[in-house]
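1. Okay, sequence plus prediction incoming.
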Amino acid sequence: MTRKRFERLVEEVLGTLPPEFRGALENVHVVVEEEPTPEQLASVGLRPGDWLFGLYEGTPLPERGLELPLLPDRITVFMRPLLEACGSERELREEIRRTVLHELAHYFGLDEDRLEELGYG
């Protein structure tokens with residue numbers, strides 16, 4: 001799959017999210033990268049070669065003060081690991097959706113334990 005097609009697929013998936021989540025995306029920039037950097041992997045306790053489908057970078061809403069954040073929040077969707085893990089476009093769509101919702105949950109302040117409880121671990 002080409003990067004352009006993958007990016008279009010991510011946009012299509014974002015359009016299917018419930019309105020309350022799509023509204024939150026106005027404050028979060030969603031980007032596609034080929035794969036995570038070693039620094040991004042390390043930031044979540046992974047090593048080079050480990051799979052990471054997505055990453056939220058920013059200040060979760062519950063941790064914000066009155067000052068505005070300096071940089072926009074960002075969700076990165078990693079193309080290569082997702083393509084390697086998914087056997088069909090349908091499976092890919094589902095995993096992209098799950099990944100974006102997982103990362104949005106971090107934006108809302110949910111941690112990994114709570115995400116596991118909700119089935120988004």
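-> The structure has been received and is ready for your questions. Numbering: from 1, shown residues only.

2. If you count contacts, what does the lengthiest helix in the chain end up packed against?
-> Scanning the chain for the helix with the most residues, using DSSP state H, yields helix 89-107. Here helix 89-107 touches helix 3-15, helix 19-24, strand 28-33, strand 54-57, strand 73-78, helix 79-85, helix 112-118, going by 3 or more C-beta pairs under 8 Å, 6 or more residues apart in numbering; DSSP states H and E. From N, CA and C alone the C-beta is placed, and that goes for glycine too.

3. Pull the residues that contact it.
-> Contacts to helix 89-107, defined as C-beta atoms under 8 Å, 6 or more residues apart in numbering, come from residues 9-10, 12-14, 16-17, 21, 24-25, 27-28, 30, 53-56, 58, 60-61, 73, 75, 77, 82-83, 85-86, 114-115, 118, 120-121.

4. Save the helices and strands packed on helix 89-107 as CSV, and put in mean pLDDT too.
-> Output for these, formatted as CSV (pLDDT from 0 to 100):
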stretch, mean pLDDT
helix 3-15, 95
helix 19-24, 80
strand 28-33, 94
strand 54-57, 95
strand 73-78, 95
helix 79-85, 97
helix 112-118, 78
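
5. out of the ones you listed, which comes closest to Gln40?
-> When the helices and strands packed on helix 89-107 are compared by C-beta to C-beta, strand 54-57 sits nearest Gln40, at 5.6 Å.

6. Now find how far off-centre the closest one is within its chain.
-> With C-alpha atoms, centre = their mean, to the nearest Å as the basis, strand 54-57 stands 5 Å off its chain's centre.

7. Appreciated, that's everything.
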